[in-house]
Every structure is written in C-alpha cells, then in structure tokens.
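In: here's my sequence, what's the structure:
(one chain, ligands or ions: 2)
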Amino acid sequence: MDKKPVLMTQGVTKRFGDFVAVDRVDFDLQEKETLGIIGPNGAGKTTFINILSGFYNPEEGHVFHDGKDITHLSAANRVKMGILRTFQLVHVFDNLTVYENLSLSYFRKKENKPFTLKMFFSSLRQPGIASRVQETMEMLELDHLKDEIVGNLPLGSKKRLELAMTFVSDPAVVIFDEPFSGLGDQEIEEVIDVFRKYIHDKTILLIEHKVSKLEEFVDRLAVMHEGRIICCGDCESTLNDPEVRRCYWKLET
Ligand SMILES: Nc1ncnc2c1ncn2[C@@H]1O[C@H](COP(=O)(O)OP(=O)(O)OP(=O)(O)O)[C@@H](O)[C@H]1O
Ligand SMILES: [Mg+2]
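Out: Numbers count the residues shown, from 1 in each chain. Ligands and ions are numbered 1, 2, ... in the order given. Sure, this is the predicted structure:
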C-alpha cells in the first residue's frame with residue numbers, strides 16, 4: 001500500500017480541568033488502511049477520536065486532513081469532507097424501518113443542512129436515494145429486513161444497520177468507537193464480515209477492547225495508555241512491544 005496520511009495529529013492534548021485525557025499524541029492514519037486502537041478504560045481513546053472528528057478542540061497540537069490543518073474545523077464540516085464517526089452506543093431510530101433509517105442517514109449527510117421531516121419523507125422514493133440505499137442493503141445483507149421496524153431487531157442486526165448507515169453516504173474515512181460492544185461472538189463475526197467488505201476500500205479507524213477480534217483484520221494496531229499512544233505498528237510487533245507488555249498486559253518484560 002502507498003503511504004499517504006489522510007489524518008494526522010501532532011502533539012494533540014486535551015484536558016478536563018487539571019486532568020490530561022489526551023497527552024501530546026502524534027498519530028497518523030494512512031489512506032485505505034484499517035487501524036485499531038486498544039487501551040484500558042479511561043485511557044483517552046474516545047476523547048482522542050472526539051478530537052479527530054471535531055467534537056473537541058485540543059488545547060494544544062494540530063490535526064491535519066490530507067495535509068491541511070483542520071484543528072478548528074467543526075464536526076459538521078469534517079462530515080462534509082467525508083470524515084464520519086460512530087458512537088459507543090448504537091444510534092438508530094427504533095420506530096422507523098431499516099429502509100427509512102438508511103435513507104434518512106444518506107439524506108442527512110448529502111443535504112448536510114437543516115431539513116423538515118416532510119422534505120425527508122418526500123425524498124424517500126427519489127431514484128438516487130433509493131438505488132444507493134438498495135445497493136448498501138444488498139452489500140450488507142440487510143435487504144430481507146428492509147421493511148422491518150428497527151425496534152424489533154436484535155442488537156446484532158441493529159449494529160449492522162448502524163454500519164450500513166455509516167457507509168451509505170460513501171465516506172472516505174470512518175471512525176468507529178467500540179463497534180463490537182454488547183455483541184456476542186457470533187454477532188461480532190457478522191460485524192467483522194461487514195468490515196471485510198470495506199477494508200482497503202475505505203480508511204478505517206476502530207477503537208476496540210477485544211484484541212483477538214481486531215487481530216483478524218487490522219493492518220496496524222496502536223495502544224493507548226494514560227492519554228498517550230505508547231506504540232503503533234503491525235499487530236505482532238505492537239503486542240510484543242516491551243512498553244505494551246508492561247503497561248497494557250501488566251507483564252514483567
Ligand atoms: N467530558 C469529560 N469531562 C471530564 N472528564 C472526562 C470527560 N470525558 C472523558 N473524561 C475523562 O477522561 C478520561 C478518558 O476518557 P475516555 O472516555 O476518552 O476513555 P476511553 O479510553 O474511551 O475509555 P473506555 O474504554 O471506558 O471507553 C477518563 O478518565 C474520563 O473520566
Ligand atoms: Mg471510550
């Protein structure tokens with residue numbers, strides 16, 4: 001793979017009062033790679049991706065996208081540039097169908113400005129929207145659930161729908177915060193199958209606790225500990241790194 005950093009940080013620091021949640025982090029995410037970040041609870045992973053996606057401004061340091069400084073660009077403007085993120089908890093509309101959830105997601109990202117529900121519902125059968133939604137449903141094997149009310153679906157299907165809602169607008173960079181949380185092993189495998197469809201087509205960053213699952217498909221693995229990224233490289237070298245062994249696995253080196 002050619003090396004081209006799509007997202008990069010230099011010395012980013014985020015404090016909450018006196019507490020340093022993200023501490024001088026230098027990081028790069030290369031075009032079309034899949035990179036995982038692991039780290040214990042409270043290590044600063046979510047805070048870090050809040051900085052990358054524009055939900056937080058860092059007190060120090062810079063964020064670059066394709067070489068341009070975007071440190072102070074709003075989250076909405078980053079979405080316009082194709083940088084999307086998901087949240088630790090599933091975000092879907094339980095009282096709408098699978099088709100409506102996907103259409104809404106696509107419509108919101110394409111419009112990227114305030115709209116009324118009337119505008120949305122009248123757009124539902126627009127050929128452009130309908131074909132893109134259909135294509136995404138087929139790709140993620142959600143087609144048979146098209147008219148199901150989302151509130152009736154099991155968590156695994158909701159999670160797949162959430163991923164579909166992220167990919168439907170064809171983002172360049174996608175950042176996932178614990179996409180496997182709350183899922184059983186079988187459901188995790190289904191979600192990994194979704195990722196596999198987009199690997200090396202999209203630039204993907206994931207935060208996850210389950211190292212064994214990440215190892216199956218990421219190109220690089222980073223470890224965050226007390227606000228710092230202490231190691232980033234291929235899975236094997238990261239997991240065998242002396243600092244990772246000491247800080248993450250609590251092993252004597
Ligand atoms: N808005 C906030 N105000 C104050 N402290 C915060 C805030 N958000 C996060 N923190 C603190 O910053 C630290 C890092 O939190 P963060 O949520 O980034 O960790 P995490 O690595 O994502 O953890 P987890 O694995 O539990 O999701 C924690 O100690 C947390 O309590
Ligand atoms: Mg978190």
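In: need the contact partners of stretch 62-74.
Out: 5-12, 51-52, 54, 57-58, 61, 77-78, 81, 83 (C-beta atoms under 8 Å, 6 or more residues apart in numbering). No exception for glycine: its C-beta is placed from N, CA and C like everyone else's.
In: how distant is that stretch from the center of its chain?
Out: Offset of stretch 62-74 from its chain centre (C-alpha atoms, centre = their mean, to the nearest Å): 18 Å.
In: average model confidence for that stretch?
Out: Average pLDDT, stretch 62-74: 97.
In: for stretch 183-197, same thing?
Out: Averaging pLDDT along stretch 183-197 yields 90.
In: about what we covered before: inside strands: which ones of the contacts of stretch 62-74?
Out: Pro5, Val6, Leu7, Met8, Thr9, Gln10, Gly11, Val12, Gly61, Ile83 (DSSP state E).
In: touching, the fifth one and Leu29? I think so.
Out: No - with contacts defined as C-beta atoms under 8 Å, Thr9 does not count as touching Leu29, sitting 9.2 Å away.
In: helix or strand with the lowest mean pLDDT in this structure?
Out: Scoring the helices and strands of the chain by mean pLDDT, DSSP states H and E places helix 117-123 at the bottom, with a mean of 75.
In: now that one, how far from the centre of its chain.
Out: On C-alpha atoms, centre = their mean, the centre of helix 117-123 falls 28 Å from the chain's centre.
In: which secondary structure elements does that helix sit against?
Out: helix 98-111 (3 or more C-beta pairs under 8 Å, 6 or more residues apart in numbering; DSSP states H and E).
In: tell me the mean pLDDT over the helix it packs on?
Out: Mean per-residue pLDDT for helix 98-111: 86.
In: buried residues in it, which are they?
Out: Val98, Tyr99, Glu100, Asn101, Leu102, Ser103, Leu104, Ser105, Tyr106, Phe107, Lys109 (16 or more other C-beta atoms under 10 Å).
In: so which residues on the chain come close to ligand 1?
Out: Selection of the chain residues close to ligand 1 by C-beta under 6 Å from any ligand atom yields Phe16, Ala21, Gly39, Asn41, Gly42, Ala43, Gly44, Lys45, Thr46, Thr47.
In: show me which of the residues you listed are buried.
Out: Among the residues of the chain next to ligand 1, the ones that count as buried by 16+ other C-beta under 10 Å are Ala21, Gly39, Ala43, Gly44, Lys45, Thr46, Thr47.
In: what's near enough to touch the fifth one?
Out: Going back to what we said before, that points to Lys45. For Lys45, the contacting residues are Ile37, Gly39, Asp177, Ile207, Met224, by C-beta under 8 Å, 6+ apart.
In: 7 Å instead, please
Out: Contacts of Lys45 were listed using C-beta atoms under 7 Å, 6 or more residues apart in numbering, and they are Ile37, Gly39, Ile207, Met224.
In: pLDDT value on the nearest residue to it once chain neighbours are set aside, please?
Out: Residue nearest to Lys45 in three dimensions, not counting chain neighbours: Ile207, with 4.6 Å by C-beta to C-beta, 6 or more residues apart in numbering. Predicted confidence (pLDDT) for Ile207: 96.
In: and Asp2, by the same measure?
Out: pLDDT recorded at Asp2 is 62.
In: how about low-confidence regions in this protein?
Out: For the chain, the stretches with pLDDT under 70 are 1-2, 88-90, 112-113, 253.
In: can you show me the helices along it?
Out: Using DSSP state H, the helices assigned to the chain run over residues 45-52, 75-80, 98-111, 117-123, 127-139, 155-167, 185-198, 211-215, 235-240, 242-247.
In: so which of those helices is the most surrounded?
Out: Ranked by mean neighbour count, those are led by helix 45-52 with a mean of 23 (mean count of other C-beta atoms under 10 Å).
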